[in-house]
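**Student:** sharing a model prediction with you, sequence too.
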Amino acid sequence: MFTIQGKTGDWEVVIGLETHIEVLSNSKIFSGASANYNPTIAPNTQVSFVDAAMPGMLPVLNEYCVDQAIKFGLGINAEISHISRFARKQYFYPDLPQGYQISQPAEEPPVVGRGWVEIIGDDGNPKKILIERAHLEQDAAKNKHDMHPSKSFVDLNRSGVTLLEIVTFLDVKNPENNSYISSPDEAEQYLRKIREIARALGVSKANMEEGSMRADVNVSVRRAGTNTFNERCEIKNMVSFKFIKTAIEYEARRQIEILENGGTIDRCTMRFNQGDGTTSVLRSKEDALDYRYFPDPDLLPLVITDERIERIRKTMPELPEATRARYINVYGLNEYDAERLTETVDVSHWFDTAVGGKNERAKPIANWMLSELFAHPENFDITNEIRERDADEPRIITPENLAELVDMLSANEINGKQAKEIFIKMLDGETGTPKEIADKHGMKQMTDTGAIEKVIDEVIANNQSQVEQYKSGKVGLFGFFVGSVMKATKGQANPAVVNEIMKKKLG
């Protein structure tokens with residue numbers, strides 16, 4: 001259990017996370033405007049009358065976004081609600097043109113109900129983190145305060161983009177249930193797992209750097225060994241794993257100091273100050289907004305059938321956790337290699353394409369990818385996307401290229417040195433398959449034992465002085481003889497065969 005030492009003893013941390021991910025879709029959740037929001041697009045060009053809240057404009061639900069939410073729910077082992085509703089969350093802010101946000105209230109079933117993900121707890125054992133809900137809502141616009149010395153501007157491009165908010169669960173009725181986040185490291189693990197699932201399912205880019213994934217962090221503390229839950233403070237709009245961990249620890253220590261000095265914790269919304277890694281009060285409980293939810297009169301209740309859920313379930317790809325297990329149990333890879341090869345869906349797809357269902361290829365292809373391909377990101381298109389290539393751009397090595405190279409090596413058609421040379425030539429832009437490149441440069445491994453033995457006899461006959469030294473105890477000269485044979489055969493002799501025959505000849 002993670003604890004923080006205070007002046008009067010140890011304290012535990014209780015952490016809740018409300019994670020927002022932008023749902024991947026062509027259009028927004030309630031309008032036909034493009035959802036391809038990004039900072040490079042001119043402001044206020046991806047906006048419909050609905051997004052701008054023009055009078056008389058009615059929202060129309062994007063059913064694809066609902067499918068995306070269901071898919072994510074299945075990915076986190078969650079219940080899918082058969083009936084859920086949308087409501088208007090009332091508050092005023094310049095980036096909210098309607099004066100309310102269409103969301104799903106906490107008092108009603110959301111699209112995605114109770115679920116869980118598994119992380120490795122601080123004790124080194126698997127730990128389930130319970131998720132209370134994941135609900136759909138529309139994103140706000142974006143305020144811009146740095147374009148004019150005395151004015152702020154609003155960009156409506158993001159207004160109405162689909163958000164899925166994922167909320168962790170704290171079982172207050174059973175305080176001994178520890179299926180919640182209890183350390184900064186566990187918080188990072190949980191968020192990375194959410195991101196991994198969202199990306200693998202194609203639900204979201206979940207990229208914190210660009211804002212398509214962000215989190216509100218709730219922090220409270222309690223004496224180590226106790227089961228009571230104390231008042232919490234919420235740190236808003238965190239967009240960095242590093243800053244989230246820093247904010248949790250600072251906020252926990254701030255609360256501990258207050259409690260140890262005889263004070264009480266007031267529920268507050270906090271801001272995180274990136275410059276010095278501290279938190280400070282944004283607004284107090286007394287200033288908290290009353291959102292005054294009420295059912296949206298323009299949107300019918302959302303009805304989800306079992307048939308729809310099963311249809312979506314059948315289209316879901318293998319999740320990274322299952323892929324890692326397959327690589328370890330079926331292909332015999334170690335945990336580290338399996339982790340590296342499932343860092344993104346593109347990487348695991350590339351690897352599986354190269355293996356092509358032939359288990360014997362798995363380990364050598366993994367070795368080539370991890371030791372060679374990953375060392376040449378400028379030459380290796382890990383996304384395996386089809387794109388135009390400039391004439392002077394280095395060649396992209398395909399899964400089929402690597403599979404052929406590995407097969408040639410295992411069949412003793414080429415040796416390791418030749419395989420590396422072919423690989424480098426492909427990186428340098430030489431056209432042709434590995435076999436075509438090998439034929440072009442005369443790279444063919446000599447496996448004829450008679451021919452190899454003849455070359456060995458010539459090397460021994462021409463180096464009698466070294467033979468005598470070797471037999472008198474200078475065994476390090478063995479490499480000299482092998483190297484001489486490889487040189488005489490222009491690197492084409494099978495090294496294993498050379499070693500075996502040479503040992504017999506030298507005695």
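**Tutor:** It's in. The model shown is predicted, which means the values in this text are computed figures rather than measured ones.
**Student:** CA only for contacts and neighbour counts going forward, please
**Tutor:** Fine.
**Student:** phi, psi of Leu506?
**Tutor:** Backbone torsions for Leu506, taken as degrees, to the nearest 10, come to phi -80, psi -20.
**Student:** wait, it touches Val467, no?
**Tutor:** Yes. Contact criterion Cα atoms under 8 Å: Leu506 and Val467 qualify, at 7.4 Å.
**Student:** which of the two has more neighbours?
**Tutor:** Neighbour count, other Cα atoms under 10 Å: between Leu506 and Val467, Val467 has more, with 19 against 13.
**Student:** quickly find the element holding the most centrally placed residue in the chain.
**Tutor:** Taking Cα atoms, centre = their mean, the centroid of the chain lies closest to Glu196, which sits 4.0 Å from it. Taking DSSP states H and E as the criterion, Glu196 maps to helix 184-200.
**Student:** what of Met270?
**Tutor:** strand 268-273.
**Student:** Leu61 now?
**Tutor:** Secondary structure (DSSP H and E) places Leu61 outside all helices and strands.
**Student:** am I right that it is in contact with Phe30?
**Tutor:** Yes. Counting by Cα under 8 Å, Leu61 touches Phe30, with 4.8 Å between them.
**Student:** which one of those two is surrounded by more residues?
**Tutor:** Taking other Cα under 10 Å, Leu61 and Phe30 do not tie; Phe30 has more neighbours (23 against 16).
**Student:** buried stuff in stretch 278-285?
**Tutor:** Thr278, Thr279 (16 or more other Cα atoms under 10 Å).
**Student:** quick check, pLDDT for Phe374.
**Tutor:** pLDDT recorded at Phe374 is 87.
**Student:** what's the burial count for it?
**Tutor:** By other Cα under 10 Å, the residues close to Phe374 number 14.
**Student:** now do Ser84
**Tutor:** Neighbours of Ser84 using other Cα under 10 Å come to 19.
**Student:** please apply the same query to Ala141.
**Tutor:** Neighbours of Ala141 under the rule other Cα under 10 Å: 22.
**Student:** quick check: phi and psi on it?
**Tutor:** Backbone torsions for Ala141, taken as degrees, to the nearest 10, come to phi -80, psi -170.
**Student:** for it, give me its contacts.
**Tutor:** Asp95, Leu96, Pro97, Val154, Asp155, Leu156, Asn157, Arg158, Ser159, Gly160 (Cα atoms under 8 Å, 6 or more residues apart in numbering).
**Student:** so what's it closest to, chain neighbours aside?
**Tutor:** Ser159 (4.2 Å; Cα to Cα, 6 or more residues apart in numbering).
**Student:** over to Met238?
**Tutor:** Ala215 is the one closest to Met238 (Cα to Cα, 6+ apart), at 5.1 Å.
**Student:** for Lys28, which residues are in contact?
**Tutor:** Lys28 neighbours (Cα under 8 Å, 6+ apart): Ser34, Ala35, Asn62, Gly160, Val161, Thr162.
**Student:** so which of these are in helices?
**Tutor:** Among these, no member falls in helices (DSSP state H).
**Student:** with neighbour count and distance to Ser48 added, can I get those residues in JSON lines?
**Tutor:** Formatted as JSON lines, the contacts of Lys28 follow (neighbours: other Cα atoms under 10 Å; distance: Cα to Cα, whole Å):
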{"residue": "Ser34", "neighbour count": "18", "distance to Ser48": "9"}
{"residue": "Ala35", "neighbour count": "23", "distance to Ser48": "11"}
{"residue": "Asn62", "neighbour count": "17", "distance to Ser48": "14"}
{"residue": "Gly160", "neighbour count": "30", "distance to Ser48": "9"}
{"residue": "Val161", "neighbour count": "28", "distance to Ser48": "12"}
{"residue": "Thr162", "neighbour count": "26", "distance to Ser48": "14"}
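**Student:** rewinding a little: any idea how far the residue nearest to Met238 is from Ile21?
**Tutor:** According to Cα to Cα, to the nearest Å, Ala215 stands 9 Å off from Ile21.
**Student:** burial of the nearest residue to Gly476 once chain neighbours are set aside, as a residue count?
**Tutor:** Distances taken as Cα to Cα, 6+ apart put Tyr470 closest to Gly476, at 7.6 Å, once the chain neighbours are dropped. Tyr470 is flanked by 17 other residues according to other Cα under 10 Å.
**Student:** with Gly507 instead?
**Tutor:** Residues lying near Gly507 (other Cα under 10 Å) number 8.
**Student:** hang on, the earlier thing: export the strand holding Met270 to PDB, keeping only CA atoms.
**Tutor:** Taking Å, rounded to 0.1, in the frame of the first residue of the first chain, the C-alpha atoms of strand 268-273 are listed here in PDB:
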ATOM      1  CA  CYS A 268     -12.800  22.600  -3.500                       C
ATOM      2  CA  THR A 269     -12.100  22.700  -7.200                       C
ATOM      3  CA  MET A 270      -8.300  23.100  -7.600                       C
ATOM      4  CA  ARG A 271      -6.100  24.200 -10.400                       C
ATOM      5  CA  PHE A 272      -2.600  22.700 -11.000                       C
ATOM      6  CA  ASN A 273       0.300  25.200 -11.500                       C
END
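**Student:** partner strands of whatever helix or strand comes next after that strand, parallel or antiparallel?
**Tutor:** Counting by DSSP H and E, the next helix or strand C-terminal to strand 268-273 is strand 278-284. Here strand 278-284 is paired, per DSSP bridges, with strand 268-273 (antiparallel).
**Student:** would you mind listing the buried residues in the strand it pairs with?
**Tutor:** Going by 16+ other Cα under 10 Å, strand 268-273 has these buried residues: Cys268, Thr269, Met270, Arg271, Phe272.
**Student:** picking up where we left off before, from the contacts of Lys28, which land in strands?
**Tutor:** Thr162 (DSSP state E).
**Student:** looking at the contacts of Lys28, which is nearest Val47?
**Tutor:** Ser34 (7.6 Å; Cα to Cα).
**Student:** in contact with the closest one, which residues?
**Tutor:** Asn26, Ser27, Lys28, Gln46, Val47 are the contacts of Ser34 under Cα under 8 Å, 6+ apart.
**Student:** let's see that with 6 Å instead.
**Tutor:** Residues near Ser34 by Cα atoms under 6 Å, 6 or more residues apart in numbering: Asn26, Ser27, Gln46.
**Student:** any idea how far it lies from Met408?
**Tutor:** Taking Cα to Cα, one finds Ser34 at 48 Å from Met408.
**Student:** what does the helix holding Glu196 rub up against?
**Tutor:** Ile181, Ser204, Lys205, Ala206, Lys245, Val345.
**Student:** any chance of those in a markdown table, plus distance to Asn367, pLDDT and secondary structure?
**Tutor:** Below are the contacts of helix 184-200 laid out as a markdown table (distance: Cα to Cα, whole Å; pLDDT from 0 to 100; DSSP: H, G, I helix; E, B strand; the rest coil):
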| residue | distance to Asn367 | pLDDT | secondary structure |
| --- | --- | --- | --- |
| Ile181 | 36 | 97 | strand |
| Ser204 | 30 | 96 | coil |
| Lys205 | 28 | 93 | coil |
| Ala206 | 29 | 95 | coil |
| Lys245 | 34 | 98 | helix |
| Val345 | 18 | 87 | helix |
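**Student:** counting neighbours, which of the residues you listed comes out on top?
**Tutor:** Using other Cα under 10 Å as the neighbour test, these are led by Ile181, with 28 neighbours.
**Student:** tell me which residues touch it, please.
**Tutor:** Counting by Cα under 6 Å, 6+ apart, Ile181 has contacts Ile15, Ala187.
**Student:** from Ile396, how far out is it?
**Tutor:** 43 Å.
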